[in-house]
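Asker: Have a look at this fold, sequence not included:
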C-alpha cells in the first residue's frame, strides 16, 4: 500500500479523481455514423422526407389531413414542430434534390440522404448531454457503474441500427424520456412530469410507460401517508398535498396545451392518425412477442391438420366448431382468401385454426400486466421499484400490444439499463432481453453489405457490456437465491443466437437460387421472430419473479 494512503486515517476516504466523460464516445461513434451515411435507404427515409415537406409547404391545419403519400404524418404535434424546424434548415441544393416535394413516392438522391443523416446525428447530441448529466449528478460511489450504464446506452446497437442505418430519431426522443427518469432519481418531481409529458407529445408510444409515472408521482409527490390515520372521509382529503397536485397538474396540462391547442378542432383526425387500429395485430412481420408465438402455433396447427387429416377428424369430435374449422376444405379456402400472416403485408392477420384476436383483448392483457407492475409502486415508491415498474410496463406493451413494431423493444431495454446495476440477479433477464431484442432488429437491415456491421457491432457490444456490467453490479447482502437452470438456459440461448443469425443469412443469400426457398420467402423473418420472442418472454418472466418475490432488491 502506498505511504500516502497509509497516512490517511481509517475514517478518511480517497476521492475518486477519474473523469467519467462521454466525449470520446461521441467523437468515435460520430465518426462511425458518418461512415454509414451511404448505407441502404429504407422506407423511413421517405417517411421523414415527406414529413419535412408537409410541415414546410402546408399550413398547420392541413398537416394531419395530407395523404398524397402513404407515409402520412402519424406522430404527435411536438414531433411535427420538430420536422418543421428541421425543414427551415434545408439547403437549396437539398431542396432541388426533391427533399421538400409533396409526392406519392419521393425522388431524391445523395444530398437529401446526407442532410437527413446529419440531422439524426446532431439531434442525438441531446442523448449524450442528458446521460452526462446523469453521470455527473451521481453519488461518487455509483459514478463508475452509472458511467457503464450511460455508455452502454449511447453505444446501443439499437440506436445504431434503427437511427443511423434504418433511419429514425430515437436517440433524441429517448433522451427526453431518460431526462424524466434522471429527474425522478434526484427527486425533481416537477421536472420529471414536465419531461415525460414532453416525451409523450413527441412520441405517443411512451404512453405505454405512463401508468408507472402516474403511480410514482402520485405516491411520492401528491399523497402524504406520513401521519395518515383513517377515521373519517376528511382524512382522505387531508392526505392529498393539494399544492403539489396543482403545481404538477399545471406543468403537465401546460405541456399538452402547447402541443395540442393549435389542433383543437382537428383532434378526431389527429387521434385517428396516432392510433390506427386498422393496421392489424402484427406488423409486416411479427415483432418477437407473445403474438409471434401465437401466430406460429396457428401455422403449425394449419400445416399439421392439412398433412395429417385424421387428427383434425378426431379433434372435431372433441372441440366443436367454430373453435376449429369444420373441414379440411374450409382450411384450404381460408388460406386462399385471407392474409394469414405469411406474406409480409401490413394488414389484419387472419388465424386459420386459433381464435381471432381483437384490439380489445390486447388492451385488456396489456393493462392487466401493467396494473400488476404498478401496484407495488403505490406501496413502496423507491426509485428502483419505479424503474422496475417502467421496465415491466414496457414488457407488457411489447408482448401483448396491438400492432407492435420490433423497434419498440427499446421501451424495455433503455429503462432496464438504469436498473440492472442494482443487483446481480437482474443481469440474467437483462442479458436475455438485450441480446434477443437487438438481434430481433437485424431484419430491418436486409441488404447483404450491412450483415457484418450489425453482427459484429452487436457481438462486440454484448461482450464488452455484459462483462462490464457484471463488474460494477452490486451483489446483494441478502441470501442469494439463484436459479441456476435459468442462468444456464440464458447463456445457452444467447450463444445460439450467433449460429441462428449466420444460418438465416445463408438462407437469405440462397433463396433466389432455389424454388423451394422462394416458396418460403419469409422463413428467415419467422425464425428471428419466434426465437427472439422466446428470449424476451423468458426475460419478462425472470424479471417479474424478482420484482414480486425478491423484496430486498427494490429497497
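Answerer: Nice, I can see it. Small disclaimer: the values here were computed from a predicted structure and weren't measured.

Asker: tally of neighbours for residue 219?
Answerer: Neighbour count of residue 219, defined by other Cβ atoms under 10 Å: 18. Heads up, the C-betas are built off the backbone N, CA and C, glycines and all.

Asker: Do you have the helices of the stretch 401-550 of the chain handy? List them.
Answerer: Remark: helices assigned in the stretch 401-550 of the chain by DSSP state H, counting those that start in this stretch are 410-417, 427-439, 451-472, 484-510, 515-519, 523-549.

Asker: rounded to a whole number, what's the mean pLDDT of stretch 88-106?
Answerer: Stretch 88-106 carries an average pLDDT of 94.

Asker: How about residues contacting that stretch?
Answerer: 45-46, 49-50, 52-54, 56-58, 66, 68-70, 87, 107-112, 115-116 (Cβ atoms under 8 Å, 6 or more residues apart in numbering).

Asker: Can you flag the weakest of the helices of the stretch 401-550 of the chain by average pLDDT?
Answerer: Of all these, helix 515-519 has the smallest average pLDDT, which comes to a mean of 68.

Asker: Can you turn the buried part of the contacts of stretch 88-106 into a ChimeraX selection?
Answerer: Applying 16 or more other Cβ atoms under 10 Å to the contacts of stretch 88-106, the buried members can be selected in ChimeraX as follows:
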select :45,46,49,50,52,53,54,56,66,69,87,108,111,112,115,116
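
Asker: Sort out which of the contacts of stretch 88-106 are in helices and list them.
Answerer: Counting by DSSP state H, these place 45-46, 49-50, 52-54, 56-57, 87, 110-112, 115-116 in helices.

Asker: Just give me the closest of those residues to residue 190.
Answerer: Relative to residue 190, the closest of those is residue 87; by Cβ to Cβ it sits at 32.4 Å.

Asker: which ones are touching that closest one?
Answerer: Contacts of residue 87 (Cβ under 8 Å, 6+ apart): 52-53, 55-56, 100.

Asker: Could you dump those residues into JSON lines and include distance to residue 93?
Answerer: What follows is these, written out as JSON lines (distance: Cβ to Cβ, whole Å):
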{"residue": "52", "distance to residue 93": "15"}
{"residue": "53", "distance to residue 93": "16"}
{"residue": "55", "distance to residue 93": "20"}
{"residue": "56", "distance to residue 93": "16"}
{"residue": "100", "distance to residue 93": "12"}
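
Asker: These: which two are farthest apart?
Answerer: Across the contacts of residue 87, no pair lies farther apart than 55 and 100, at 9.6 Å, counting by Cβ to Cβ.

Asker: of these two, who's got more company?
Answerer: residue 55 (24 against 20).

Asker: Grab the nearest non-local neighbour of that one.
Answerer: residue 84 (3.8 Å; Cβ to Cβ, 6 or more residues apart in numbering).

Asker: Now do the helix or strand containing that neighbour: distance to the chain's middle.
Answerer: Element membership of residue 84 [criterion: DSSP states H and E] is helix 77-87. Offset of helix 77-87 from its chain centre (Cα atoms, centre = their mean, to the nearest Å): 22 Å.

Asker: in that helix, what's buried?
Answerer: Of all the residues in helix 77-87, those buried under the rule 16+ other Cβ under 10 Å are 77-84, 86-87.

Asker: go on, stretch 362-369?
Answerer: For stretch 362-369, the neighbour count (16+ other Cβ under 10 Å) marks 362, 365-366, 369 as buried.

Asker: neighbouring contacts of that stretch?
Answerer: Here stretch 362-369 has contacts from 208, 281, 291, 392, 395-397, 399-402, using Cβ under 8 Å, 6+ apart.

Asker: if you set the cut-off to 7 Å instead, what comes out?
Answerer: Stretch 362-369 has contacts (Cβ atoms under 7 Å, 6 or more residues apart in numbering) with 396-397, 400-402.
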